[in-house]
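**Student:** Structure for this input, please:
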Amino acid sequence: MTLPITETIDCDILIIGGGMSGCGAAFESKYWSGDLKVVMVEKAAIERSGATGEGLSAINCYMGQRNGWNTPEDFVHYVVNDMMGLAREDLVYDVGRHVDNSVHLLEEWGLPIWKKDNGEYERVGRWQIPIHGESIKPIAAEPARTAIGPENIYERVSITHLLTDADDPQRIAGAVGFAVRENKIYVFRAKAVIITCGGASNVFRPRSVGEGLGRTWYSVFATGAAYGLMIPIGTEMTQM
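**Tutor:** Residues are numbered from 1 along each chain as shown. As a prediction, the model looks like this:
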């Protein structure tokens, strides 16, 4: 058996995971960091990876602040009540105050959103807006690829471990992984690491029985990689 070759990549910001959050992190990181080198690693291909890779029929969270529909405070109240008090209100508030701008940016990039005759978005219930979202992932992937440069996106690479700084165990200094289609190991060294691997589905036994056992609302490709990377090195977990 031939031993794998090893390639080492140095960067300022390393993004692990190329789903919707990863693409957003890539775009925003480059927007705010200027000349810093941003690298993204994805175990599939960013145009169709992640929980939204197959498309969406609606955006499940939109405040509609410009129309006076809801405020971030309204959203915090809703989430805290829905979670029976077990919620980080500061994190929820941040989602509420930024989500509208994210939706408007997606529309600017080309996402078709259902609208009324007066130009307002259609609504499904209090928080959702329907979209033609079959291509939402390619729409989000293109600006990310353009922002950080295609040469800084490593696809078909599965990250297995985070690396801590030898002089400061409390600081993540990079990650190591392997190419899924070639005999190659990658070592990424970074000044900052952003984990956007997504959550986990099928963690608990479903209420469905028989042929319904394998059915789930959340993407079955959400394998819990983010938890598997962070928990072993002692990362503080919250709002899981």
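
**Student:** okay, CA-based contacts and neighbour counts for the rest of this
**Tutor:** OK.

**Student:** which of the residues in the helix or strand where Tyr227 lies are buried?
**Tutor:** Tyr227 belongs to helix 225-230 when elements are defined using DSSP states H and E. Judged by neighbour count using 16 or more other C-alpha atoms under 10 Å, the buried positions of helix 225-230 are Ala225, Ala226, Tyr227, Leu229, Met230.

**Student:** do stretch 4-22 as well
**Tutor:** Applying 16+ other C-alpha under 10 Å to stretch 4-22 flags Cys11, Asp12, Ile13, Leu14, Ile15, Ile16, Gly17, Gly18, Gly19, Met20, Ser21, Gly22 as buried.

**Student:** Ok, stretch 75-83 next?
**Tutor:** Neighbour-count burial for stretch 75-83 flags Phe75, Val76, Val79 (criterion: 16+ other C-alpha under 10 Å).

**Student:** Closest one of the buried residues of helix 225-230 to Asn202?
**Tutor:** Nearest to Asn202, judged by C-alpha to C-alpha, of these is Ala225 at 13.2 Å.

**Student:** Skip the chain neighbours and tell me the closest residue to the closest one.
**Tutor:** Using C-alpha to C-alpha, 6 or more residues apart in numbering and skipping residues adjacent in sequence, the residue nearest Ala225 is Cys197, 5.9 Å away.

**Student:** For this protein, just list every one of the strands.
**Tutor:** Assigned by DSSP state E, the strands in the chain fall at 5-16, 38-42, 56-59, 129-133, 153-155, 157-164, 172-179, 184-195.

**Student:** Tell me which of the ones you listed sits most buried.
**Tutor:** Ranked by mean neighbour count under mean count of other C-alpha atoms under 10 Å, the strands of the chain are led by strand 38-42, which reaches a mean of 26.

**Student:** Dump it to CSV, restricted to CA.
**Tutor:** Only the C-alpha atoms of strand 38-42 are listed here, as CSV (Å, rounded to 0.1, in the frame of the first residue of the first chain):
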residue,chain,number,x,y,z
VAL,A,38,-9.4,32.7,4.1
VAL,A,39,-9.5,29.0,3.3
MET,A,40,-12.6,26.7,3.3
VAL,A,41,-12.6,22.9,3.6
GLU,A,42,-15.6,20.9,2.5
